[in-house]
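**Q** Sequence and predicted structure below; questions after.
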Amino acid sequence: MLTLLTYPRNAEVFSLSPFCVKAALLLNHAQAKWQRQDLRDPRKMPHQKLPVLRVGQELISDSANIRRYLEAGGAEFDPGLGKRERAQAHSLIRMAEETLYFFVVRDRWDNDAVWPTIRDNYFQEVPFLLRRPVTGAIRRSVHQGLQFQGIGRFSDAERFAQLDGHLQAIADLLEGQDFLFGKQVTSADMSVAAMLQAMGSTMVKTPTVERITGNPVLCRYLTRVFDQAGQMP
Ligand SMILES: N[C@@H](CCC(=O)N[C@@H](CS)C(=O)NCC(=O)O)C(=O)O
């Protein structure tokens, strides 16, 4: 039995982390037998990040490595896609994980309206009296990361203009079809849907959240991807 080491649930959502959700989608589509084990502190993990897949004594860190492991065992996440479409799927995955993801992080960590829920949810195991100083330092380092990545430097207006462009591009790709490459879920859907779901499920209804929950094309798409994936532990 494989074990996915994952951040805990966020209400109905499999995990607070979209990368853990992506890993769960990959495992379900590969029809693997797996279970979850929730962690809040990834510091003992190979990359100090989650998800991690435990296979016997081995720890496979990073959702892309988990994908490669499942493919080595025969899983096929892009059935029917040719070379050009596989390259396009690869680009969409990079857009999801290296662009959309940072909108989620910015909305959760660098937003005073959301921060108390992050502090008291992600860090509920830190004793109450230590929680503010410990989490304050972590929040400052995430803030610096967002400045370095660049998204932290945009005004709200600039950021929303960019986000609207990304979301419109996804909606345009979905026009007339169920999934990004047609009738079947592919690897690109697993990354894009995981990021959109995270963006729409931040614990406070921010303008970013409303851009997902108020968009019927994206909401229907998310329902299709998660319905196809089946039950997750
Ligand atoms: N490239 C990694 C990204 C995983 C990742 O960024 N995980 C975040 C949660 S969404 C994490 O564990 N962060 C902890 C940290 O950076 O300290 C993957 O695809 O699995």
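**A** Nice, thanks for sending it over.
**Q** Which strands or helices does the helix or strand of the chain with the lowest mean pLDDT pack on?
**A** Ranking every helix and strand in the chain by mean pLDDT, DSSP states H and E puts helix 115-122 at the bottom, with a mean of 90. Applying 3 or more Cβ pairs under 8 Å, 6 or more residues apart in numbering; DSSP states H and E, one finds that helix 115-122 makes contact with helix 101-109, helix 128-149. Yep, even glycine has a C-beta here, placed from its N, CA and C like the rest.
**Q** looking at those helices, which is buried most?
**A** helix 101-109 (a mean of 21; mean count of other Cβ atoms under 10 Å).
**Q** In PDB, could you pull the C-alpha coordinates for that one?
**A** Once non-C-alpha atoms are left out, helix 101-109 reads as follows in PDB (Å, rounded to 0.1, in the frame of the first residue of the first chain):
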ATOM      1  CA  TYR A 101       0.100  28.700  -7.500                       C
ATOM      2  CA  PHE A 102       1.600  32.100  -6.400                       C
ATOM      3  CA  PHE A 103      -1.800  33.800  -6.700                       C
ATOM      4  CA  VAL A 104      -3.000  31.300  -4.100                       C
ATOM      5  CA  VAL A 105       0.000  31.900  -1.900                       C
ATOM      6  CA  ARG A 106      -0.400  35.700  -2.200                       C
ATOM      7  CA  ASP A 107      -4.100  35.500  -1.400                       C
ATOM      8  CA  ARG A 108      -3.600  33.300   1.700                       C
ATOM      9  CA  TRP A 109      -0.300  34.500   3.200                       C
END
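**Q** if you average pLDDT over that helix, what comes out?
**A** Summarised as a single mean, pLDDT over helix 101-109 is 97.
**Q** just the angle between that helix and helix 115-122, please?
**A** Interaxial angle, helix 101-109 versus helix 115-122 (axes from the mean of the first three to the mean of the last three Cα atoms, to 10 degrees): 100 degrees.
**Q** So what touches helix 101-109?
**A** Contact with helix 101-109 is made by 18-19, 114-115, 118, 139, 142-143, 145-146, 149, 151-152, 159, 163, 166, 195, 198-199, 202, 206, 208-209, as judged by Cβ atoms under 8 Å, 6 or more residues apart in numbering.
**Q** got the residues of the chain near the ligand?
**A** When proximity is defined as Cβ under 6 Å from any ligand atom, the chain approaches the ligand at Ser17, Phe19, Pro42, Gln48, Lys49, Leu50, Pro51, Asp62, Ser63, Ala64.
**Q** Try it again at 8 Å.
**A** 7, 16-20, 22-23, 42-43, 45, 47-51, 61-66, 97, 101, 105, 138 (Cβ under 8 Å from any ligand atom).
**Q** Just the ones of those in strands?
**A** Ser61 (DSSP state E).
**Q** PyMOL command for the buried members of the residues of the chain next to the ligand?
**A** Selection of buried members from these for PyMOL, criterion 16 or more other Cβ atoms under 10 Å:
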select buried, resi 7+16+17+18+19+20+22+23+42+45+50+51+61+62+63+64+65+66+97+101+105
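**Q** For Asn10, grab phi and psi.
**A** phi -120, psi 90 (degrees, to the nearest 10).
**Q** can you pull the contacts of the nearest residue to it once chain neighbours are set aside?
**A** Of all residues not flanking Asn10 in the chain, Leu16 sits nearest, at 4.6 Å (Cβ to Cβ, 6 or more residues apart in numbering). By Cβ under 8 Å, 6+ apart, Leu16 lies in contact with Tyr7, Pro8, Arg9, Asn10, Asn121, Tyr122.
**Q** All set, thanks.
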